[in-house]
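[1] Sequence and predicted structure are below.
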Amino acid sequence: MALSPKSKKQLLTFLRPLIAFGVVLLAVLGYFQHKSMMGRTRITYTVQPPDNNPMFSTSVLLDGNAAMNGQRISLGKHTFKITHPHGETFETNFFAWYGGKDFGVIALKRTTGTLSIHSKRPMIVLNVSGRDFSAAFTNVTEKVLTVPSDSYQVSGLFPNRPAESQKITVAAGQVGECTFAPAYGSLRATVNRDEGTFELTDGDGQTVKNGNLPVTRDDLPVGAYQLSATWHSHRMDKQIIVKKDEVTEVPFAFVFGSTLVLSAPAGASVFNTNGNYLGITPLLVTELIPGNTEFKLQLSSHQDAMVPALVVADQTNTVSTNLLSWAYLNGLQFAQHDFELGDFRSTLKYLEQALEAKPGDAEALALQAKAKARLPIQTAKELAGQGDYVGADKLLQTALVSFPDDGELKHLMTDYKTHETEQLGQQQEQSTREVFDADCQKLAVARFFEPHEFVTSKKSPDDFKTELVRLYADEAPKAKVTVDRMPQPGVHEILFEQASPNPLEMARREMMVVIGKGKNDQTLVLFKNFEYQRRMNGNTLNIVIGGSMEDNWVPLHSSQVQMTPAYEEQVKVGYRMMMRKVMKAVGETFVYTPN
C-alpha cells in the first residue's frame, strides 16, 4: 500500500538517526580494519652478499632512507635499493598494498675489473694474490686478467735479483695498471790466457755467476760487484759498477816474472806470502806477479828469515840470505840481555852456548871478556844481599884490579865496610845463641824452664865468665862447676850445681849458662835455672839409718809435679839468685820487682 506523504516524512524522520549511526559504525569498523591491515603491511627480503669479507657491509635504502628487513611501509609507490662495495647494485620500484612486499632472497652479483700487468723483461714467475682470486704464471712479460674488484699483491721474480712487489687496487669496471721495469746492465770480461775462470759476487759477498772466461752477461741488475779472475793458482780481483742499459768491459791480464832464491846453508824450505810451500833452496820460483814480494825461509835449528824480492815482468832476479842458528842467536841475545841486567854469571853461560854454535865469533868473545871481569862484582852484591859483607868486600878488592876507576865499585866498597862490623856482631851473637839452643836440645830437663838473657858492655865474655865462676866459688850461695868448656871460639858453656850432701835435703838447683859475644861488641849471657825436688821412696827413719837415698829428682814443672806455692816460689828464688850473681859480675845490683 502506498504511504502518504505524511507517513513518508515520519518514516524518514525515524530512519535518519539509524542510518547515521550505521554510517558511523561502518566508518569506525573500516578504520580499525585499516589499522590492522597496515600493521601487516611490511617489506621483507634476504640479502646474499657477493663475498664473505667482514670489512664490507651491505647498504639497504627505501625511498632514499635506510631500511631493514620486516620494516612497516606505507601504501603506494616506493623505490627499493641495495648496494655493496664488492657487488652490483640492486634497485627497483614497486607499489605497496595491504599485506606489504616480499622480495625473497636477493643475491648480489660480484663486481669485476681488469688487472693489466706489463714488464720490460720476462718474469721467471708472476704471482697475483687477492682475497678472492690468486694465480701464478711463469715466463711472462704481459698479462691481462678479469678479476673481482679488490686490492691485489702483484710480485714478479726476475733473474739475479730479489722479487719485486706492487700493491694494485682494481675498482669495479675499471682497469688496474701494474708495470715492472727492473734495471739491468751488461758485463763483458776477457783474459789474456787460456783456461781462465771468473767469479762474480755481489755487495753481500754472495756468488752471482761463475764460469770460464771470456764471458758476456746481459742479465745483471745494476749495482756494485767484485769480479775475480783466476788462472792456475793466481787470482785478480776488480771492483766494478754495472750501469743500466750499458756494457761494462773488464779485461784481465796475467803478467809474471821469476826469482832465484838462495840461502847459506842451502836446503831451507821456501814459503810465499800466503804460507804456501814452494820448495827447497836453491829454488827458481816462477809465475810471480810483478812488484814487491817476500819469501819466508825455514831451516831446522835456524832462525826463520824473511827475504824481500822485486819481481820484474818477463825477468829472473836473484835473492840470497845467511841463516843464523838458534843456538847462536838465543845464546847471544840472552847474554846481551842478562849483561844489561848485571847478571854476568848467566851471561857467561849463554855465551858458551853461542860460541859452541859459532866458534870464534868476535862479538861473543868481546862480551865474554867483559862479563868475566865484572862477575866478582855481581857475586859480591849477592853475598851482601845475604848479609855476608866480609866475603863481598874480598871480592870487590879482586875486581878493583880490573876496574880501578869504577865509581860503582868504589861506592859498594865504602857501603859494605860500614856493614862488616854489624855482620861480625850478628855472627857472634848467632854463634852464642846456637850453642845455647844446642844445650837446650841436649838436656831433656831444659824444656821445662824459661830462658833468660843479659847483655852488658862492661866486661868481655872471658872476663865475665871468670868473675861469675869466682862469685859462685867464693860467695854464698855457692855452687860448683860441673861443666866448663868452649864449644866454639869465644863462647863459654858452664853448668853450675847447688846441692846439699844432706840425704834429707829435698831441693836441688842447676844453672846452665852460655856466655859469648852479641851485637855491637857487647857480652851476651844466656841462662836457664833448673829447679828440682826429691821424690821420697821409703820412710824417713830408714833413710837416716841407711845414710842415703836414691837420686830421684823431679823438675818443678806442672807436667811433672803438683805445683804448690812453695814450689813456685822456689823457681822464682832461683831466678833472683842467678840474676844477682850475673849483675854483680859487672858491678851492678839486681833489684827484684814482684809481679
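    That came through, no problem.

[2] Confirm for me that S457 is in contact with K519.
    No - look at S457 against K519 with C-beta atoms under 8 Å: they stay out of range, at 10.5 Å. For glycine as for every other residue, the C-beta is placed from the backbone atoms N, C-alpha and C.

[3] Looking at those two, which one has more neighbours?
    Taking other C-beta atoms under 10 Å, S457 and K519 do not tie; K519 has more neighbours (14 against 11).

[4] Can you tell me the closest non-neighbouring residue to that one?
    G425 (4.3 Å; C-beta to C-beta, 6 or more residues apart in numbering).

[5] Thought T523 was touching the one you found, still the case?
    No - assessed by C-beta under 8 Å, G425 is found out of contact with T523, at 11.6 Å.

[6] and for those two, which residues touch both?
    Shared contacts of G425 and T523, defined by C-beta atoms under 8 Å, 6 or more residues apart in numbering, comprise K517.

[7] neighbour-wise, which of those two wins?
    Neighbours were counted for G425 and for T523 using other C-beta under 10 Å; T523 has more, 23 against 17.

[8] Wait, a helix at P376?
    Yes - counting by DSSP: H, G, I helix; E, B strand; the rest coil, P376 is part of a helix.

[9] And it, how close does it get to L471?
    Distance, P376 to L471, using C-beta to C-beta, to the nearest Å: 51 Å.

[10] Who has more neighbours out of these two?
    For P376 versus L471, neighbours defined as other C-beta under 10 Å are more numerous around P376 (22 against 16).

[11] can you tell me which residues contact the more buried one?
    395-396, 398-399 are the contacts of P376 under C-beta under 8 Å, 6+ apart.

[12] Name the spans of the chain whose pLDDT lies under the cut-off.
    1-3, 30, 418, 421, 536-551, 595 (pLDDT under 70).

[13] the helices in it, which residues?
    Secondary structure of the chain (DSSP state H): helices located at 5-39, 326-341, 344-357, 362-385, 389-402, 407-442, 461-474, 540-546, 565-584.

[14] how about these in a markdown table, adding distance to R235?
    Output for the helices of the chain, formatted as a markdown table (distance: least, C-beta to C-beta, whole Å):
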| stretch | distance to R235 |
| --- | --- |
| helix 5-39 | 96 |
| helix 326-341 | 36 |
| helix 344-357 | 42 |
| helix 362-385 | 45 |
| helix 389-402 | 64 |
| helix 407-442 | 62 |
| helix 461-474 | 93 |
| helix 540-546 | 117 |
| helix 565-584 | 98 |
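
[15] how about the ones you listed, which one is nearest V481?
    Proximity to V481, assessed across the helices of the chain by C-beta to C-beta, is greatest for helix 461-474 (6.1 Å).

[16] List of residues touching stretch 181-189?
    119-121, 158, 161, 164, 198, 200, 213-222, 227, 229, 240, 242-252.

[17] distance between that stretch and the chain's centre?
    When C-alpha coordinates are averaged (C-alpha atoms, centre = their mean, to the nearest Å), stretch 181-189 and its chain have centres 48 Å apart.

[18] now do stretch 95-113
    Counting by C-alpha atoms, centre = their mean, stretch 95-113 comes out at 78 Å from the chain centroid.

[19] next one: stretch 494-513
    Put simply, stretch 494-513 sits 76 Å off its chain's centre (C-alpha atoms, centre = their mean).

[20] do stretch 58-73 as well
    Centroid displacement of stretch 58-73 relative to its chain, using C-alpha atoms, centre = their mean, is 76 Å.

[21] Number the residues from 51 up from this point.
    Done: numbering now begins at 51, and the last item shifts to stretch 108-123.

[22] Compute the first-to-last residue distance for it.
    Taking C-alpha to C-alpha, to the nearest Å, stretch 108-123 runs 20 Å from one end to the other.

[23] Mind listing what's buried along it?
    108, 110, 117, 123 (16 or more other C-beta atoms under 10 Å).

[24] can you list contacts of it?
    Under C-beta under 8 Å, 6+ apart, the answer for stretch 108-123 is 88-89, 91-97, 99, 128-134, 137, 146, 150-151, 158.

[25] With stretch 551-564 instead?
    482, 485-486, 489-490, 493, 495-496, 518, 529, 532, 541-549, 575-584, 590, 593-594, 597-599, 603, 620, 624, 628.

[26] can you do 7 Å?
    482, 485-486, 489, 493, 496, 529, 541, 543-549, 575-584, 593, 597-599, 603, 620, 624, 628 (C-beta atoms under 7 Å, 6 or more residues apart in numbering).

[27] next one: stretch 278-289
    With C-beta under 7 Å, 6+ apart as the test, stretch 278-289 has contacts from 241, 243, 245-249, 263, 274, 276-277, 300, 302, 304, 337, 339.

[28] what do you get if the cut-off is 8 Å, keeping everything else the same?
    In this structure, residues lying in contact with stretch 278-289 by C-beta under 8 Å, 6+ apart are 239, 241, 243, 245-251, 263, 274-277, 300, 302, 304, 326, 337, 339.

[29] distance between that stretch and the chain's centre?
    The answer for stretch 278-289 is 39 Å, by C-alpha atoms, centre = their mean.

[30] That stretch: end-to-end distance?
    9 Å.

[31] and if you look at stretch 123-143?
    14 Å.

[32] Run the chain-centre distance for that stretch.
    Mean-position distance between stretch 123-143 and its chain equals 78 Å (C-alpha atoms, centre = their mean).

[33] Which among the helices of the chain is found nearest to T368?
    Across the helices of the chain, closest to T368 is helix 376-391 (C-beta to C-beta), at 25.4 Å.
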